[in-house]
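**Student:** my questions are about this predicted structure, shown below with the sequence.
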Amino acid sequence: AFVNLENQRPALTKAINTIEQSMNYLKNLLGLSIYDSIELSDSLNSEVPDFAAGEDTSAVSRRPDLLFNRLEQEAALQQLKSRKAAALPQLSLFSQYQLQTQADNFRFQDYKWPNSFYTGIQLTIPVFAGFKNDARSRQARIAHDQLLIQDAQLKKQAALEIRNAGNTMKEAGQRSRSQRLVIAAAQRSLSLINARFEQGLAKYSEVVDAEYNLAEAESNLLQAVYDYHIARASYDKSIGMQ
């Protein structure tokens, strides 16, 4: 019993350190000092629902990386249109109406106000710009094509993340269900050994071993539940849920 207890102390120390690091990370996300005290009011739900691989993934289009890529595509497309328009003839209409006067006093009613007005049309036809417009058009087209390729790659990456997170959730759910059966069996075993111990038919070490097996099964269940919720958060992020 003493050996089993001491063997568990490093795991306990590691768990305490992990909790402290997680709390400090949470404080940093909340904009708090690591010296501030916070108290968590929620708890880890041990119920793990079944995950269906066909869950709605329509929100994937709202992923920040895909949204940003789409905006870049629109900007590149507008840039391409602008480069093409620069090679087309341009027709401009301009006009001006002007009033002016000059005097050395402030008797405005006596001023003479001659006016002038003119209008005109200007036609600009690009003849040759040293292939500058063609080069800029090709550059804009290449940039747009690269963004299309990047969009396809991002969608593949999103599909991979969704698949991996879904598989992890299913695996964690299977482990949790299995550990619940193990816990039930460990509880029955502990009850039987306690009854035998009270009758003097079992050693105390058997009781300790049964209690250890039950505690280990409960720990494995909590780990499976934790893995499920982490995978659930990763899945929600992968499909673009806020």
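**Tutor:** Yep, it's here.

**Student:** going forward, measure contacts and count neighbours with C-alpha atoms only.
**Tutor:** Noted.

**Student:** can you show me the helices along the chain?
**Tutor:** Remark: helices assigned in the chain by DSSP state H are 2-29, 64-86, 132-198, 204-238.

**Student:** what's in contact with the shortest one?
**Tutor:** What it means is helix 64-86. 61, 133, 136-137, 140-141, 143-144, 147-148, 150-151, 154-155, 240 (C-alpha atoms under 8 Å, 6 or more residues apart in numbering).

**Student:** phi, psi of the closest residue to Phe197 other than its chain neighbours?
**Tutor:** Nearest non-adjacent residue to Phe197, counting by C-alpha to C-alpha, 6 or more residues apart in numbering: Lys203, 6.3 Å away. Backbone geometry at Lys203, expressed as degrees, to the nearest 10, gives phi -80, psi 160.

**Student:** which residues of this structure score low on pLDDT?
**Tutor:** For the chain, applying pLDDT under 70 flags the ranges 1-2, 4, 44-45, 51-59, 86-87, 103, 106, 108-109, 127-133, 242.

**Student:** try it again at 80.
**Tutor:** 1-8, 42-62, 81-91, 94, 99-115, 118, 123-137, 240-242 (pLDDT under 80).

**Student:** may I see the helices of the chain organised as a markdown table, with distance to Val48 and mean neighbour count added?
**Tutor:** Below are the helices of the chain laid out as a markdown table (distance: least, C-alpha to C-alpha, whole Å; neighbours: other C-alpha atoms under 10 Å):
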| stretch | distance to Val48 | mean neighbour count |
| --- | --- | --- |
| helix 2-29 | 22 | 12 |
| helix 64-86 | 28 | 16 |
| helix 132-198 | 6 | 17 |
| helix 204-238 | 7 | 18 |
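
**Student:** could I get those as JSON lines with distance to Gln102?
**Tutor:** As requested, the helices of the chain are arranged in JSON lines below (distance: least, C-alpha to C-alpha, whole Å):
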{"stretch": "helix 2-29", "distance to Gln102": "69"}
{"stretch": "helix 64-86", "distance to Gln102": "43"}
{"stretch": "helix 132-198", "distance to Gln102": "48"}
{"stretch": "helix 204-238", "distance to Gln102": "72"}
